[in-house]
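Q: below: sequence and its predicted model.
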Amino acid sequence: MRELIKPMKFDWDNGNLSKNYEKHNVTWQEAENIFNNEPITVEDDEVHSASEKRYSALGKTQKGRKLFVVFTLRNSKVRIISARDMNKKERIIYETTEKDSTV
């Protein structure tokens with residue numbers, strides 16, 4: 001798992017600002033929001049790291065929405081590539097992490 005430095009700055013590609021909302025009903029504010037809440041799990045995304053290093057994160061928004069976010073780091077900023085609701089398997093992993101962090 002990778003540690004992220006806080007507070008974070010974000011850099012958005014204009015196309016991704018609306019794409020995540022259109023495809024997955026996730027606003028850019030919600031996608032950024034998971035990086036400010038605990039717990040958050042961050043893993044290397046080896047499969048999709050062909051041209052640049054990518055990461056995947058499981059986290060929760062202020063309103064409790066559980067999201068899966070793919071991102072890269074550019075010039076010390078988080079650049080979100082994709083954001084969607086967690087699937088069943090991801091939700092189980094996240095809820096186990098969440099439970100372990102409160103013990």
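A: Looks like it arrived, so ask away. Residues are numbered from 1 along each chain as shown.
Q: quick one: classify the nearest residue to residue 71 once chain neighbours are set aside as helix, strand or coil.
A: Nearest non-adjacent residue to residue 71, counting by Cβ to Cβ, 6 or more residues apart in numbering: residue 80, 4.8 Å away. Placement of C-beta: from N, CA and C, glycine included. Put simply, residue 80 is strand when judged by DSSP: H, G, I helix; E, B strand; the rest coil.
Q: what about residue 80, distance to residue 99?
A: Per Cβ to Cβ, to the nearest Å, residue 80 is found 26 Å from residue 99.
Q: show me what contacts the residue nearest to residue 71?
A: By Cβ atoms under 8 Å, 6 or more residues apart in numbering, the residues touching residue 80 are 10, 12, 16, 20, 28, 31-32, 69-71.
Q: inside strands: which ones of these?
A: 69-71 (DSSP state E).
Q: which of the residues you listed lies closest to residue 53?
A: Proximity to residue 53 was ranked across the ones in strands among the contacts of residue 80 by Cβ to Cβ; first place goes to residue 71, at 10.1 Å.
Q: correct me if wrong: the closest one contacts residue 81.
A: Yes - here residue 71 reaches residue 81: they are 5.9 Å apart, a contact under Cβ atoms under 8 Å.
Q: overlap of the contact sets of these two?
A: Common neighbours of residue 71 and residue 81 (Cβ under 8 Å, 6+ apart) are residue 54.
Q: these two: who's more crowded?
A: residue 71 (24 against 19; other Cβ atoms under 10 Å).
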